[in-house]
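Trainee: Provide a 3D model corresponding to the input given below.
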Amino acid sequence: MATWTEFATDEPRLAAAIRSLMHQYGPGLGYLATIRADGGPRVHPVAPVITDEGLFCFVVDSPKRRDLERDGRYALHSFPPEDSDDEAYVAGRAHPVTDPARVARLADSLRATNDVDWRLFEFSIEVAMVARHGRSGATPLAANPAGRPEVQLWLDPAVAPAATPQLAA
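Mentor: As a prediction, this is how the structure comes out:
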């Protein structure tokens, strides 16, 4: 799977749109979906961090961290903007960052304190998507339903098409 940097090099406009939606309120905000031990889904609000080095998340000791440590598959969805239903989505695998110098550098630059039991994960990218619904929204009760959203989709070319999840726009 691609790193954020590899994805952003391949699709810079899509990466910029995803970064903009994830960081629209200042710090990153998104919904992280993980896989519970019984195979069911679990969704959590998180503060993803997108830097030139990659897509990261500091995860405290919690069910979501145990999910990522056991089965790194994830999906990350942006919070909705206040003025539209535009959305960003990425999915792939989360990997613990084990290089102490890299962890320290990111923790220092992002002011992550050591008095909390957190672990830094880097998210690789298999699928990336932005859907633009416009100001009329995506809901069937919107004043002026816009129809189908404008969707930009990127699939990691190194991943076999059969392994790629089907996305419905």
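Trainee: any idea how far A88 is from E11?
Mentor: Distance, E11 to A88, by C-beta to C-beta, to the nearest Å: 13 Å. Any C-beta I mention is one placed from the backbone N, CA and C, and that applies to glycine too.
Trainee: now for the two: what residues contact both?
Mentor: With contacts taken as C-beta atoms under 8 Å, 6 or more residues apart in numbering, the residues that reach both E11 and A88 are A128.
Trainee: so the two - more neighbours on which side?
Mentor: Residue environment comparison for E11 versus A88 gives the larger neighbour count to A88, 23 against 18, counting by other C-beta atoms under 10 Å.
Trainee: and the helix or strand hosting that one, which residues are buried?
Mentor: Here A88, judged by DSSP states H and E, is contained in strand 87-96. Neighbour counts over strand 87-96 (16 or more other C-beta atoms under 10 Å) mark 87-94 as buried.
Trainee: by contact count, what packs against it?
Mentor: For strand 87-96, the elements it packs on are helix 12-22, helix 63-70, strand 73-78, strand 118-123, strand 127-132, judged by 3 or more C-beta pairs under 8 Å, 6 or more residues apart in numbering; DSSP states H and E.
Trainee: and the two most separated of the buried residues of strand 87-96?
Mentor: E87 and R93 (21.2 Å; C-beta to C-beta).
Trainee: burial check on the closest residue to G28 other than its chain neighbours, number of neighbours?
Mentor: When the adjacent residues along the chain are set aside, G28 lies closest to P48, with 4.1 Å between them (C-beta to C-beta, 6 or more residues apart in numbering). Counted with other C-beta under 10 Å, the neighbours of P48 add up to 23.
Trainee: would you confirm that V59 contacts E69?
Mentor: No - under the criterion of C-beta atoms under 8 Å, V59 lies out of contact with E69, with a separation of 9.1 Å.
Trainee: overlap of the contact sets of these two?
Mentor: When contacts are counted by C-beta under 8 Å, 6+ apart, the set common to V59 and E69 consists of R119.
Trainee: which one's more surrounded, the two?
Mentor: More crowded of V59 and E69, by other C-beta under 10 Å: V59, with 24 against 14.
Trainee: many thanks, have a good one.
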